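Undergrad: Predicted model follows, preceded by the sequence.
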2 protein chains.
Amino acid sequence: MTTTAATDLIFGLTRVVGLPAVSEKAGAPLSAEDIAQIVTEADRFCTEVLQPNALAADRAGAVYANGVVTTPPTYPAAYAKWVEGGWQSLSAPAEYGGQGLPHSLWTAMTELGMAADTSFMLGPMLTAGAIDCLMHYATPDQAARWLPRMVSGEWTGAMCLTEPNAGSDLGVLRTRAEPLPNGKYALHGQKIFITWGEHDCTDNIVYLVLARLPDAPPGSRGISLFVATKVKEDGSRNDLRCGGIEHKLGIHGSPTCVMLFEGAEAEMVGEPNRGLNAMFAMMNNARLGVGTEGVAHGAAALRLAEAYAAQRVQSGRVIAEHPDVARMLMEMRAVTLASRLLALETAICVDRHAAGDTGAQARQALLTPILKAWCTDRGVETASTGVQVHGGMGFIEETGAARILRDARIAPIYEGTNGIQAIDLLVRKVAKDGGAEMRALIEEVKRTPDARLRAAADTLAAATATVIAAQARDADAGQSVAVAYLEAAGWVLGGWMLARAAAEDPAAYGPPADFYLRRLLPRAAGRVAEIEGALAA
Amino acid sequence: MTTTAATDLIFGLTRVVGLPAVSEKAGAPLSAEDIAQIVTEADRFCTEVLQPNALAADRAGAVYANGVVTTPPTYPAAYAKWVEGGWQSLSAPAEYGGQGLPHSLWTAMTELGMAADTSFMLGPMLTAGAIDCLMHYATPDQAARWLPRMVSGEWTGAMCLTEPNAGSDLGVLRTRAEPLPNGKYALHGQKIFITWGEHDCTDNIVYLVLARLPDAPPGSRGISLFVATKVKEDGSRNDLRCGGIEHKLGIHGSPTCVMLFEGAEAEMVGEPNRGLNAMFAMMNNARLGVGTEGVAHGAAALRLAEAYAAQRVQSGRVIAEHPDVARMLMEMRAVTLASRLLALETAICVDRHAAGDTGAQARQALLTPILKAWCTDRGVETASTGVQVHGGMGFIEETGAARILRDARIAPIYEGTNGIQAIDLLVRKVAKDGGAEMRALIEEVKRTPDARLRAAADTLAAATATVIAAQARDADAGQSVAVAYLEAAGWVLGGWMLARAAAEDPAAYGPPADFYLRRLLPRAAGRVAEIEGALAA
C-alpha cells in the first residue's frame, strides 16, 4: 500500500466521485489523464515550493511593526511562484482570466497546499472566497475592476467580518459606513481575526467588509457588504491600516490582523442591508475549504509519522511494526482517506450543480457542515496521534509534528465553530426538510454491500428521526445532541466513502477500508447511544 | 453546583475513597477537618503563588546560555516559598524530616500544583520521584547524606534515563560507569529529555542516572543505578553539565535538558545490573503522578472555560447557556471529576498498602496504567474542548486556554507512552493473573445500583476474557487492541467513581454523574465493539 495524498486524490476524483463524467456533462470534459496531470503538477508545486520551508516559516512567523506586516522570509517569492504558475486562477471563470476548471480540482489543490504549509495557503484560500463572493454580487463594472487581478493572484482578498463583540453573532457588529458625496462610503470601525489582512506578498489587497449604513435596522438585517482596497484607484493609500497581529497557538506564518478602518473609501456590493445574505451564500464553499484543511492536517501528520516510524528502531524493530504503532498509523491513514474522499464528494456537488444537476445543491448543503466539522475534528485527532507516534520527539518543535497539531487546532473554530456546524446541520439542513435529503443520502449508503455499513446507516436513520423530533419538542434539547448527531453521520459517511474506494480498487484501498469498518465505524453507534442516553426520560 | 477542584478533592478523599479510615488504620488518623485544612492550604499556595504567574512564565520560558539554565523570572522566589511552606515534605517519611502524610494528599497537592503551573510543579514532582527511589534503594549512609535536603526541597532531584536511541527501550542505553579507586564511579554519556536537569532554583541537584558497568551484560540486565550530585561533597562542581534545552510544544517554563556526563563522580545505588528494577519499582508512583497531571489539565481548562463562558455574550445570552456550550462545559466537568476521583482511588491504594492492606498493591498495579493513560488522554481532550469553548479567542495565546492544551500534550507521552501503558495493562496486569484482579474490580463496580453501569461492567468483563484469549493466541493481535481495552476500562471506572460520588452527595455530584452515565459511558461499549471488530475472523 504505497498511495500518497496525490494518488489518492487522482483516484478519488476519477474513480470514486466521477469527475470525468461530471466534467463532460458540464461541456468541458476532463480525462483521467488530464486530472492526473493537474493534480501531479499541483503536488509538485506544493512539495517543491511550500513544504521545504514550512517549518522555518512557522518559526519565523509573521511579524508586525509600525503598521507593516512582514510574512516569513520565503513567502513573497513563494507567492510569486504561486501567481506565475497560475494556481490562483485554477477554478476561476474564464471571463476574468481563470482556467474554469472544476471546483473539485481546487479542493485537491487546497488539500495539497494546506498540507504543505497551512499558513501560506490561507492567503490564496481567502482570495478564492473573496473572488467567489464578488462573482455573485459585484456589478459588471466592479467585477471588471477587481476580479482579473484577484484571479491572477496579483491582488489578494481578505474577509472582514468579526469584531471584538461580534463573533458567531455577526448581527451585533458596529462598523459604520457613511455615504460620501461621490456615491461611495467611508468605513469606520475595527475588525479582528482578519486572515492575511495585511502582508508583503502583493501591492494591493481587496477587503470585503461587513458594516452598517447610518439608517440600517438593528441586528443582522441591517448589515451591508462593502469593498475597500488597500490602494485606491488613483494610486493613493486608503484610510485603513493594520493595528497589530495576534500571537496564536498555530498558523504562525499567517498574519491574523486587527484591521482599523478610519474613514476608508469603499463601494457597496450587492443590496443595502443584505450583506449577511451575501456572506451566507459564500459560506458553503468557504466551509468546504476549511473541511479540506482538516483533511490536509491529517495528511501532513500521516506523512511525517510514517516516515518517522519507518526508521525509528526500538526493541529490535522499526516502530512501524510495533502492533500499537501500526494501529495508530492505520487509523491515521483510514480516517484521513475517508475525510479526503468526503471532501471530494462534497466538492463534486459544486461541479454537478454547475453542470445542471438539480439535486446537487441540496446534497452539498447537507454534506458541508458534516465535512467542515467532522474532517476538522479528525484533523486535530490525527495530528495528535501523529505526535504520539513520534514519542518524546513529537513534543519537540524541530520534528514538525507539533506544528501540525498547532496549525490544525484552528480549523474546528473558524468559519463557524463545529458546534455551529452541528446546529446548522440539525436545524437548517435536516429538520428543515423533515429529514428528506438525509434519508435519501442514507438510502445511497445502504446500497453498499457491506452489512456493517448498512446496519450503521439504519442506526443513523433512526437517530435522524429522533433528533428531528427532539428539535421540534425542545430546541435546546435538540441542540445539545447536535454534535453527537453530526459525529454519527460523519463516521457513517466516512465508512461509505472507503467502501466505495475499496470496491474500485481492493488492493490499494481494501486495507484501510477494512480497518475502518471493523474498528472505527462502531463510533457511529456509540454516538447514537449517546443521543439516546441524553434524550431518555 | 459550585464545587471547585479543592472541594472535590476534599470530598473525594473523605467521602469517596475513605482516607479518614485508612489513616486511622495506619496509626496516624486524619479527620475530615484535617484533610480539608491541608487541601485548602495547598490550594491557597497554588492559587496565590503559582497560578498568577503561570502564563507569563510560559511566555518567558526556560532559557539556556553557556551551560546555564535560567527558569522564568518568578520561579526562584516561588520555589523558595514552596520550600518554606514545607510542601515538598508533605508525604515524605518523618525520619528524613518529612511530615509523613498520606500519599493521597500528595496526589491532591500534585493536581492543584499541576493545574496552577505544570512547568513549575514538574520540578517538585521529579524530586518526589527521586526521593521515593532513594528511600527504597539507598544505603542508610547514602540516604542520610541526600534525603533530608531533598525532602526539605533544598536540593531537587532529576531522573536521567532516556538517551537519543534509548527511549521506550532503555535496554540499549550506552552511558558508561567506570569504577574509580575510591569505590565511586565516573559517568560518561549523554542523557536527553531530563526534566529540570539544570535550573537556578537550588544550589544543588541530585541526579539518578542509569548507566552500564564495564563488565555489564548487554540489554536491560546490564543497567545499574547511580547518583551524582551537581555539587560534590567537597563543594566542587561535578563533571556534568547541561548541553542545551529543548524547544517544545508546551511546558516552556520547565527546562528539558540534554545532560552531559563527562566523567562525573557518582555512587552506585542498589545492586549492580539491577538499575532497571529500581526504576520499575518506582514507576507506579511516577505514573500515578503523571495521570494526576492529566486530571490537572482538565481542571485548569475547565476553570478557564467556565469563567469565559459565564461572561461572553453572543445572541443575547452568555454562551454558558447556549446548549452546545453547556454540553461542552458539563462534559469537561464530568470527565475531569471522574478522572480526579480515579486518581484518588489509585493513590489511596498506596496508603492502604502502607496501612497493611494486603490487597492494595495489586489493585494499585492494575489501576495505574489505566489512570496514567485514560486521565492524560482525557486531559488533552478536555484542554482541547476548553479551547473550543473560547471560540476564536481560544486560539490566541493571551487567553491561556491554548497553553493548557500545549502543556497537556506531553502527559500521554512521557513516563511510558499511553500505548505502553495499554500493553502493560494487558500483558503484565490483566493477562498475568488470568484476569483475576480485573474481575474482582469489575465485581465491585457491579455492586453500584445503576443498571447502565452494571451493563457496562458486564461488557468489560466479556472484553477482558476476549483480550486475554487474543493475547495468548497472538501477542501482536492482543497488543493491537490494548489501547481500546484500556479505554473501555477507563470509561467504566470513571462512571463507577462518579456513581459513588453521586450516591454520597446527590445534590452536588448527581448532575455530572447523570450526564456521564447517559452520554459518556456508551464509549466503553463502543471500544468493546472496536475490539470485537478488530478480532473478528
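TA: Thanks, I have it.
Undergrad: and residue A:62, what are its phi and psi?
TA: Note on residue A:62: backbone dihedrals following degrees, to the nearest 10 are phi -80, psi 140.
Undergrad: Spell out which parts of the stretch 51-200 of chain A neighbour chain B.
TA: Residues of the stretch 51-200 of chain A lying near chain B by Cβ under 8 Å from any Cβ of the partner chain: A:162, A:165, A:167-169, A:171, A:192-193. All C-beta spots, glycine's among them, are computed from the backbone N, C-alpha and C.
Undergrad: so what are the domain limits for chain A?
TA: Here the domain parsing of chain A from automatic domain parsing is A:156-273, A:418-535.
Undergrad: Mind putting the ones you listed into a markdown table with mean neighbour count and mean pLDDT?
TA: What follows is the domains of chain A, written out as a markdown table (neighbours: other Cβ atoms under 10 Å in any protein chain shown; pLDDT from 0 to 100):
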| stretch | mean neighbour count | mean pLDDT |
| --- | --- | --- |
| domain A:156-273 | 20 | 96 |
| domain A:418-535 | 20 | 97 |
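Undergrad: Save the ones you listed as CSV, and put in distance to residue B:399 too.
TA: Below are these laid out as CSV (distance: least, Cβ to Cβ, whole Å):
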stretch, distance to residue B:399
domain A:156-273, 10
domain A:418-535, 18
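Undergrad: residue in chain A nearest to chain B?
TA: residue A:526 (3.2 Å; Cβ to the nearest Cβ).
Undergrad: Quickly find the element holding that residue.
TA: Secondary structure assignment for residue A:526, by DSSP states H and E: helix A:522-535.
Undergrad: what angle do that helix and helix B:522-535 make?
TA: On the basis of axes from the mean of the first three to the mean of the last three Cα atoms, to 10 degrees, helix A:522-535 is oriented at 160 degrees to helix B:522-535.
Undergrad: Where is the longest strand in chain A?
TA: strand A:256-269 (DSSP state E).
Undergrad: Partner strands of it, with direction?
TA: Its sheet considered, strand A:256-269 pairs with strand A:185-195 (antiparallel), strand A:224-229 (antiparallel), strand A:240-245 (antiparallel) by DSSP bridges.
Undergrad: need the residues of the stretch 251-400 of chain A near chain B, please.
TA: Checking the stretch 251-400 of chain A against chain B by Cβ under 8 Å from any Cβ, the hits are A:313-315, A:322-328, A:380, A:384, A:387-388, A:391-392, A:394-398.
Undergrad: Repeat that for the stretch 401-537 of chain A.
TA: Checking the stretch 401-537 of chain A against chain B by Cβ under 8 Å from any Cβ, the hits are A:402, A:405-406, A:409-410, A:412-414, A:417-419, A:422-423, A:452, A:475-480, A:482-484, A:517-523, A:525-526, A:529-530, A:533-534, A:536.
Undergrad: tell me the residue furthest from the middle of chain A?
TA: Within chain A, residue A:316 marks the point farthest from the mean C-alpha position, 41.6 Å out by Cα atoms, centre = their mean.
Undergrad: What's opposite the residue nearest to residue A:197 when sequence neighbours are not counted in the beta bridge?
TA: Leaving aside its chain neighbours, residue A:197 sits nearest to residue A:257 (3.1 Å; criterion: Cβ to Cβ, 6 or more residues apart in numbering or on different chains). Going by DSSP bridges, residue A:257 is paired in beta bridges with residue A:194, residue A:245.
Undergrad: Would you mind checking the residues of the stretch 251-400 of chain A next to chain B for buried ones?
TA: A:314, A:322-328, A:380, A:384, A:387-388, A:391-392, A:394-397 (16 or more other Cβ atoms under 10 Å in any protein chain shown).
Undergrad: Give me the residue at the spatial middle of chain A.
TA: Nearest residue to the geometric centre of chain A (Cα atoms, centre = their mean): residue A:290, 1.5 Å.
Undergrad: for it, what are its contacts?
TA: Taking Cβ atoms under 8 Å, 6 or more residues apart in numbering or on different chains, we find residue A:290 in contact with A:372, A:376, A:411, A:414-415.
Undergrad: State the pLDDT value of it.
TA: Listed pLDDT for residue A:290 reads 98.
Undergrad: The helix or strand containing it: which residues count as buried?
TA: Per DSSP H and E: residue A:290 is located in helix A:275-311. If you call a residue buried by 16+ other Cβ under 10 Å, then helix A:275-311 has these buried ones: A:275-279, A:282-305, A:308-309.
Undergrad: Just want the angle from that helix to strand A:224-229.
TA: Interaxial angle, helix A:275-311 versus strand A:224-229 (the same axes, to 10 degrees): 60 degrees.
Undergrad: Nearest residue to residue A:396 in space, please, no chain neighbours.
TA: residue B:246 is the one closest to residue A:396 (Cβ to Cβ, 6+ apart), at 5.3 Å.
Undergrad: repeat for residue A:207
TA: Spatial nearest neighbour of residue A:207, chain neighbours left out: residue A:228 (4.7 Å); criterion: Cβ to Cβ, 6+ apart.
Undergrad: my guess is the one you found meets residue A:238, correct?
TA: Yes - using Cβ atoms under 8 Å, residue A:228 is in contact with residue A:238, at 5.8 Å.
Undergrad: which residues do these two both contact?
TA: Counting by Cβ under 8 Å, 6+ apart, the contacts common to residue A:228 and residue A:238 are A:264-265.
Undergrad: for residue A:312, phi and psi?
TA: Per-residue torsions, residue A:312: phi -80, psi 120 (degrees, to the nearest 10).
Undergrad: Out of the residues of the stretch 251-400 of chain A next to chain B, which sit inside helices?
TA: A:323-328, A:380, A:384, A:387-388 (DSSP state H).
Undergrad: Which pair of these spans the longest distance?
TA: Within these, two members stand farthest from each other by Cβ to Cβ: A:323 and A:380, at 24.6 Å.
Undergrad: Which parts of chain A are strands?
TA: A:63-65, A:68-70, A:155-160, A:176-179, A:185-195, A:204-211, A:224-229, A:240-245, A:256-269, A:313-314, A:317-318.
Undergrad: on that earlier part again, any chance of the contacts of residue A:290 in a markdown table, plus pLDDT and distance to residue A:93?
TA: A markdown table is the format used below for the contacts of residue A:290 (pLDDT from 0 to 100; distance: Cβ to Cβ, whole Å):
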| residue | pLDDT | distance to residue A:93 |
| --- | --- | --- |
| A:372 | 98 | 25 |
| A:376 | 98 | 28 |
| A:411 | 98 | 28 |
| A:414 | 95 | 27 |
| A:415 | 94 | 23 |
